[in-house]
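Q: after the sequence you'll find the predicted model.
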Amino acid sequence: MSKTLAPFVKWAQREDTVLLKIELQQLASFDLNYADDSISFTGYGAGVSGLNDYAFQMKFYGEIKPSDAFHKTMGSYIDVSIPKKATMWWPRLFPKSSNYPPWLKPDFDRWETEQDSDEEIAETTSNPYLQPNGQEDLRKYLEETQSNYDEEMKEFLRYSYLTLYNIIQCIFSLYVLTFLGFKSIQKKEWLLTNAYEYVGVSVVYAQFFSFLETLNHVVKLTRGSWQSSFKHSFGRSFCCFIMLTGDVNVRSSMAVHILFIVWFTADVIRYLYLTFKLYNYSLKLVSWLRLMLTFNTILILIAVVLILLFLTCLCLLIECGLFYDIVVGGKKPTVSSPLVLAYKAHTGPYKQSGDAFTWLSAYAPGFKLLGIYYDDPATTPANELRYAVGCVLNNSSNSSDVLKESVAKLEKEDYSFCVIPAADLVIESKFPFINTLSCIIAIKRVYPKLRSYMGEKKLEAHPFFEYYDDTFITFYAPLSNFSAFTVPEFQNDGATPFKRYSDIPMSVTISGASSYEDLHNSELEDFESK
């Protein structure tokens, strides 16, 4: 329990009056109470221990007149005048002969020494703090008092900060749970597919504040290992910022709703427990719930979350075509008309084509994309592989204004223009186009099927096309007149590409490759049955 702080008090007397000077500044409030033979003081101001509450009680040698006592505030002290009931010199201030407290000193400025009795002088000089070495003892006492005050202030600030932190985190968690529950009732769905969209901002803020726990351990505001706290916060940050914000399909999973329920229910229990523990108060229900969150229980919850995440990723892979039934066949092409293409020709590994597709999809949105691959990566060195990536300008739902704007951008970026003919007969396969992941899966699954089909039917087909529309990727390769599909940069006859869209002769009609011109529908069926 902390000591009661007392201000410095100076005293003097007259034959009929006791004079006190209470040394306190910046007084916010104070209270003086007089009794028949005593006085008590309480107040808040700046004294020897800084701004604080101060108090003292003093029982006098004789009786006083409480009704006639008065005081006035002088700025740096309170001047108190207390009439004695009987006119006489008191031999001492207190009833018994004892040492004065260290905060009481004679007021020599108002002391009438010729009226002092020898007993009073002896009583006053018996104060150990007024002896030759007493000032050093007084300094040590004041330093100890100040040190105790500093420690109490530090503890007060620590408790206030930790309480505020726990309450804020608990409010965040309760808000997330309450809002998700309200939305579930409103939409009549047990599990929401857009939970992250509803409370994602609050989750991010809560996660940002959780890193303060690591700082609390570092500066010794709380006990425990900062490494453990950092791992906890980093793990959640990984889940929140990388996994949840990385892909819209992951964010739209019902597993996110389950994760948030487990995550923030545990947080509510945890921060309530820490708040009660801070004040050594035990709430049985919260303590029991906290006990349930043992190491093994946490491992089980982590396992459940990992399983849910695995199932979510598996569902995403399935949706992106991991088990899609790939059908390859020789047929009339799906892309049955010539294509006006804005493109760039490249030489190098095919895997670099992804950057070209990414740039085009952002720079010319709304247009269907086309990739043309001329060489077999199994027989051609990677740095010699030829390919072209572009967007189709004549097969889009964009308005003429959007087309003109996009063409201007492409011309500025030094894109070339050409017309790709439509083939009469191709080998073709389709694959669902969901996102970038579906493109990766398609390349790994479709090309082996195409090459297997070509080997089985003993066909030659190239170059390979990848035609991206809104829902499917169409893989196809012409079965004849291969050179007709080569962009000018890779032709040997010195052809030059069109550098402006307006240079393309719109009257040109290209019927396409036709090495199977005499192939009728019945013969096509025979070709499919081979």
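A: All right, it came through fine.
Q: and the next helix or strand past the lengthiest helix in the chain?
A: Scanning the chain for the helix with the most residues, using DSSP state H, yields helix 134-187. Using DSSP states H and E, the helix or strand that follows helix 134-187 in sequence is helix 195-218.
Q: roughly how far is that next one from the heart of the chain?
A: 5 Å (C-alpha atoms, centre = their mean, to the nearest Å).
Q: what's that helix packed up against?
A: Judged by 3 or more C-beta pairs under 8 Å, 6 or more residues apart in numbering; DSSP states H and E, helix 195-218 is in contact with helix 134-187, helix 226-237, helix 248-251, helix 254-278. (Glycine included, C-beta is placed from N, CA and C.)
Q: for it, buried residues please.
A: Under the neighbour-count criterion of 16 or more other C-beta atoms under 10 Å, helix 195-218 has 195-196, 198-200, 202-203, 206-207, 210-214, 216-217 buried.
Q: show me which pair in those residues is furthest apart.
A: Distances among those were taken as C-beta to C-beta; the most separated pair is Tyr198 and His217, at 32.3 Å.
Q: Tyr161 contacts Val219, correct?
A: No: the criterion here is C-beta atoms under 8 Å, and Tyr161 misses it with Val219 at 10.6 Å.
Q: looking at the two, which is more packed in?
A: Tyr161 (13 against 8; other C-beta atoms under 10 Å).
Q: contacts for stretch 484-499?
A: 341, 343, 345, 372, 374, 386, 388, 411, 414, 416-418, 420-421, 423, 463, 465, 478, 483, 504, 510, 512-513 (C-beta atoms under 8 Å, 6 or more residues apart in numbering).
Q: can you give me the end-to-end distance of it?
A: 19 Å (C-alpha to C-alpha, to the nearest Å).
Q: give the buried residues for it.
A: Phe485, Thr486, Val487, Glu489, Phe490, Pro497, Phe498.
Q: pull up the per-residue confidence for Met454.
A: Met454 carries a pLDDT value of 90.
Q: now it: closest residue in space that isn't a chain neighbour?
A: Spatial nearest neighbour of Met454, chain neighbours left out: Ala461 (6.0 Å); criterion: C-beta to C-beta, 6 or more residues apart in numbering.
Q: next: Leu393.
A: Nearest in space to Leu393, with sequence neighbours left out and distances taken as C-beta to C-beta, 6+ apart, is Val340 at 4.6 Å.
Q: tell me how far the one you found lies from Lys351.
A: 27 Å (C-beta to C-beta, to the nearest Å).
Q: the two: which is more packed in?
A: Neighbours were counted for Val340 and for Lys351 using other C-beta under 10 Å; Val340 has more, 20 against 11.
Q: next, the residues that contact stretch 16-28 from outside, please.
A: 7-13, 30, 39, 41, 43-47, 51, 54, 60, 64, 73, 75-84, 87, 90, 93, 107, 110.
Q: so for that stretch, what gets flagged as buried?
A: Thr17, Val18, Leu19, Leu20, Lys21, Ile22, Glu23, Leu24, Leu27.
Q: phi and psi next, for the fifth one.
A: Same thing as Lys21. With angles defined as degrees, to the nearest 10, Lys21 sits at phi -130, psi 110.
Q: pLDDT at it, what is it?
A: The model's pLDDT for Lys21 equals 90.
Q: how about it, nearest residue that isn't a chain neighbour?
A: Spatial nearest neighbour of Lys21, excluding adjacent residues (C-beta to C-beta, 6+ apart): Lys10 at 4.3 Å.
Q: please pick the buried ones from the contacts of stretch 16-28.
A: Using 16+ other C-beta under 10 Å, the buried ones in the contacts of stretch 16-28 are 7-13, 30, 39, 41, 43-47, 54, 60, 64, 77-78, 80, 82-84, 90, 93.
Q: out of the residues you listed, which sit inside strands?
A: Using DSSP state E, 8-13, 30, 39, 41, 43-47, 54, 78, 80, 82-83 are the members of the buried ones among the contacts of stretch 16-28 that sit in strands.
Q: pretty sure Tyr159 contacts Leu278?
A: Yes: in terms of C-beta under 8 Å, Tyr159 counts as a neighbour of Leu278; the distance is 6.4 Å.
Q: show me where pLDDT drops low in the stretch 151-300 of the chain?
A: 241-251, 279-300 (pLDDT under 70).
Q: ok so, going back, now the helices and strands packed on helix 195-218 in JSON lines, with distance to Tyr453?
A: What follows is the helices and strands packed on helix 195-218, written out as JSON lines (distance: least, C-beta to C-beta, whole Å):
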{"stretch": "helix 134-187", "distance to Tyr453": "47"}
{"stretch": "helix 226-237", "distance to Tyr453": "47"}
{"stretch": "helix 248-251", "distance to Tyr453": "31"}
{"stretch": "helix 254-278", "distance to Tyr453": "38"}
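Q: so which of those is the most surrounded?
A: Neighbour counts (mean count of other C-beta atoms under 10 Å) averaged over each of these peak at helix 254-278, with a mean of 19.
Q: list the helices and strands that one packs on?
A: helix 134-187, helix 195-218, helix 284-292, helix 295-319.
Q: distance between it and the chain's centre?
A: Using C-alpha atoms, centre = their mean, the offset of helix 254-278 from its chain centre is 16 Å.
Q: angle of that helix against helix 226-237?
A: Relative orientation of helix 254-278 and helix 226-237, computed by axes from the mean of the first three to the mean of the last three C-alpha atoms, to 10 degrees: 150 degrees.
Q: how far off helix 195-218 does helix 254-278 point, in degrees?
A: Orientation check (the same axes, to 10 degrees): helix 254-278 against helix 195-218 gives 30 degrees.
Q: run the angle between helix 254-278 and helix 134-187 for me.
A: 150 degrees.
Q: give me the beta-bridge partners of Leu370?
A: Gly390, Tyr467 (DSSP bridges).
Q: that one and Thr474: what is the separation?
A: 10 Å.
Q: so those two - more neighbours on which side?
A: Counted by other C-beta under 10 Å, Leu370 and Thr474 do not tie: Leu370 has more neighbours, with 24 against 20.
Q: pretty sure the more buried one is touching Asn394, no?
A: No: using C-beta under 8 Å, Leu370 is not in contact with Asn394; the gap is 11.6 Å.
Q: overlap of the contact sets of the two?
A: Common contacts of Leu370 and Asn394 (C-beta under 8 Å, 6+ apart): Leu339.
Q: list phi and psi for Arg500.
A: phi -130, psi 140.
Q: make 40 the starting number, not 1.
A: Understood, numbering begins at 40; the last thing we discussed is Arg539.
Q: local confidence estimate at it?
A: With respect to pLDDT, Arg539 has a value of 86.
Q: now do it against Pro527, distance only.
A: 14 Å.
Q: any idea how far Thr43 is from Gly84?
A: Remark: distance between Gly84 and Thr43 (C-beta to C-beta) = 15 Å.
Q: quick one: contacts for the nearest residue to Thr232 once chain neighbours are set aside?
A: Among residues not flanking Thr232 along the chain, Ser291 sits closest, at 5.1 Å (C-beta to C-beta, 6+ apart). By C-beta under 8 Å, 6+ apart, Ser291 lies in contact with Thr232, Asn233, Tyr235.
Q: neighbours of the second one, how many?
A: When you say that, I think you mean Asn233. By other C-beta under 10 Å, the residues close to Asn233 number 15.
Q: bridged to Pro517, which residues?
A: Beta-bridge partners, per DSSP bridges, of Pro517: Val465.
Q: quick one: contacts for it?
A: Each residue near Pro517 by C-beta under 8 Å, 6+ apart is listed here: Ala462, Leu464, Val465, Ala500, His501, Pro502, Ala523, Phe524, Ala552.
Q: hang on, Pro140 packs against Ala45?
A: Yes: between Pro140 and Ala45 there is a contact under C-beta under 8 Å: 7.1 Å.
Q: neighbour count winner among these two?
A: Ala45 (20 against 14).
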